[in-house]
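Q: Fold the following and give me the result.
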Amino acid sequence: MTTSFARGPWEKHRVWYELLHGNRGLIIWDDRFEFVNRDGTPGPRGIEAGSYFNEITKGIGALLINSTRLADPIAIHYSQASFRTDWMLRNQPRGAAWFDRTSSSERLDNEFLRLRESYCRLIEDLGLQYRFVSYSQLEQGELARGGYRVLVLPDSLAMSAAEVGAIREFMRSGGTVIATGEPGGFDEHSRKLASPQLNDVDGQMMRIPGDVLNYHRDRLLGKEGVVLEAARKVFQNADVRPRYHVVDESGKDAVGVETHVFRNGGATIVGLLSNPQLRVDELGPPEFKSNERFEKPRRLRLLLDADGYVYDIRRGQFAGKRDSVEFTLDPYEPVVYALLPAAARDLHVAAPGLVSSGGTAQVSFSTDPSAATSVLHVEVTDPSGNVAAHYSGNFFGAEGRGGIQVPFAVNDAPGKWEVRVRDVLTGKTARRTIEVRKAAEEVRTRSPNSDPGWQRESVSLHRATGPERRELPGPSDSRHQ
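A: Sure, this is the predicted structure:
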C-alpha cells in the first residue's frame, strides 16, 4: 500500500512503478480537494489520473497482484542497527543541533540511505532484481532457505554475532558477498568492537571499484560506465545473469529500464518501465536535478531466452511467436508482455439466452489454461448500452475455467443485455446476449454448468481510502450484489 498525493506525468509513472513493485493499493491523499471537488465532481487531478486508474482497475492490476513477482538470487542486507549507528556517528559532531533535523534532512544528506539507493539502481540497471533481507531474517537462515548467491552489505557496520555467523556460513557455501565499509565493526546494540567481526574474511569479499555511493546520481548524466561494468563482472562471476535482456538500437544493454518478471502458472509476465531517479529534487547540485536522460521515448528490443508466444497485455494483442520484441518505451508508462509456451486458446462464454427479471443468469467461461489464476474483465451492459457497474468487474478462475452469476434485479430494464468478457492475459474477447423479460412472463432460465471457484473482485476509490474487496456468492446464493 502506498499514498498518492501528487499529479503530472511522473505521478503516473510512480503509480505504475508501485504496482510493478508489488504494491496492492493506493491511499489517495486529497486535502486540497484536487482529486474530487467539494461538490463531489471529479477535480483536475482526478480527471488526469482517470485514464491510468481505469486501465489498472480493469484487469491488469488484478493480474499482477495475483501473479508471483520474481527476483534474482540477490539479497541486500537491511540493517536497522547499522542505520542507527551510522546516524549517531554522523550527528555526534553536531551536538544539540541534531534535534533540528527532520525526515527531509535525512533524505538530503544521509549517505547511508544514498548508498542503499545506489545499489538498488545499479542492480536494476543490470536487468536484475533483488530482495531485502532483514537482520532477523539473516539470523534465521534466510540466505540458505532463499537460495541466494549474492549478498550486498551496504555499510552494514553493526551486526549481531548470529548475523555474522550466517554470513560466514554463506561464504563457506560459495556465496558472494559485496561489501562497502567495514562490516560488523559494532554489535547490534551499537557498541564499538575491538575489531570488525568479519575482519578475517574481508579479503574474500568483493569491493566494486568506483564511486558506488553516487551511482544513483551519476547515471542521470551517463557516467555509470565504470561502476556498472565492474558490477556486471562480479554478478556474472557469481553466475547471476538477467534472464531477459533489454538492448537499445545499437545492441547495447539499455540503462534506465527496469525489468519486472512475474510468474502465473505456465505464463510469464514481463513488465518494462523507465527507471529514473524518483526523488530527483533531493540530489544536490543543479546538474543532478534532472531526469532528462530518461524523459523521452526510447526504441528498444527485449531479448527472450527462447522462442515463445508473446502477447501485449496492455494493447490486448498477439505479438507473434518470436525470440525478441521491438517496442517503444514511453518515459511514464510500462510495456507489459505475457510469454506463453503455446498459442493461447480462444475464449468461450456460455450464458442463458433468456432470464426473468429477479432471476439469476449463470455465466461460464473457458479460456487459455496457461495461467494458474485466470483474470477476466467482464462488462455487463443494459439494453441502452450503458455499463452496469454493479454486475461488472474482474473475476478470477483456476486454470482457465469458471463462472459467475448475474443476479438481475426485479426492476432491471427488460430487453437485450450483453455480457462482454476479456481475458486480461491474452486480450481474447467474447460476448453473449441475455434477454431479460418481466417475471410475469414466467421465463424459465437455462443455466450452463458453472464453477463455484470464481470470485468477483471489486475496487472502489474513496478519498484517503484503499481498495475494498467483495466475494461473489456461490451458485446456490441468489443475493444481489
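Q: show me what contacts Thr180?
A: Leu115, Leu153, Pro154, Asp155, Arg207, Val212, Leu213 (CB atoms under 8 Å, 6 or more residues apart in numbering). Any C-beta I mention is one placed from the backbone N, CA and C, and that applies to glycine too.
Q: same check, this time on Val325
A: For Val325, the contacting residues are Arg301, Leu302, Leu304, Val310, Ala319, Tyr337, by CB under 8 Å, 6+ apart.
Q: okay, it: pLDDT?
A: Listed pLDDT for Val325 reads 97.
Q: Partner strands of the helix or strand harbouring it, with direction?
A: Assigned by DSSP states H and E, Val325 falls within strand 317-329. Sheet pairing for strand 317-329, assigned by DSSP bridges, gives strand 298-312 (antiparallel).
Q: Now tell me what touches the partner strand from outside.
A: Residues outside strand 298-312 that contact it (CB under 8 Å, 6+ apart): 243-249, 254, 257, 268, 270, 272, 274, 317-329, 331, 335-344, 425-427.
Q: helices or strands up against the helix or strand that the strand holding Val325 is followed by?
A: Next helix or strand after strand 317-329 toward the C-terminus (DSSP H and E): strand 335-340. Judged by 3 or more CB pairs under 8 Å, 6 or more residues apart in numbering; DSSP states H and E, the packing partners of strand 335-340 are strand 267-274, strand 298-312, strand 317-329.
Q: would CSV of the contacts of Thr180 with secondary structure and neighbour count be doable?
A: Formatted as CSV, the contacts of Thr180 follow (DSSP: H, G, I helix; E, B strand; the rest coil; neighbours: other CB atoms under 10 Å):
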residue, secondary structure, neighbour count
Leu115, helix, 20
Leu153, strand, 25
Pro154, strand, 25
Asp155, coil, 21
Arg207, coil, 13
Val212, coil, 21
Leu213, coil, 19
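Q: ok, which stretches of the chain are helices?
A: With DSSP state H, the ranges of helices along the chain come out as 9-20, 44-55, 61-65, 80-91, 103-109, 111-125, 135-139, 142-145, 161-172, 215-218, 225-237.
Q: Which of these comes out lowest on mean pLDDT?
A: Ranked by mean pLDDT, those bottom out at helix 103-109, which scores a mean of 69.
Q: one step back: specify the angle between the strand holding Val325 and strand 335-340 in degrees.
A: 140 degrees (axes from the mean of the first three to the mean of the last three CA atoms, to 10 degrees).
Q: what sits against Pro331?
A: Pro9, His13, Ser274, Pro276, Phe294, Glu295, Lys296, Pro297, Arg298 are the contacts of Pro331 under CB under 8 Å, 6+ apart.
Q: Apologies, that question was intended for Asp323.
A: Leu303, Leu304, Ala306, Asp307, Gly308 are the contacts of Asp323 under CB under 8 Å, 6+ apart.
Q: at 10 Å instead, please
A: Leu302, Leu303, Leu304, Asp305, Ala306, Asp307, Gly308, Val310 (CB atoms under 10 Å, 6 or more residues apart in numbering).
Q: Distance check, Asn275 against Glu292.
A: Applying CB to CB, to the nearest Å, the value for Asn275 to Glu292 is 14 Å.
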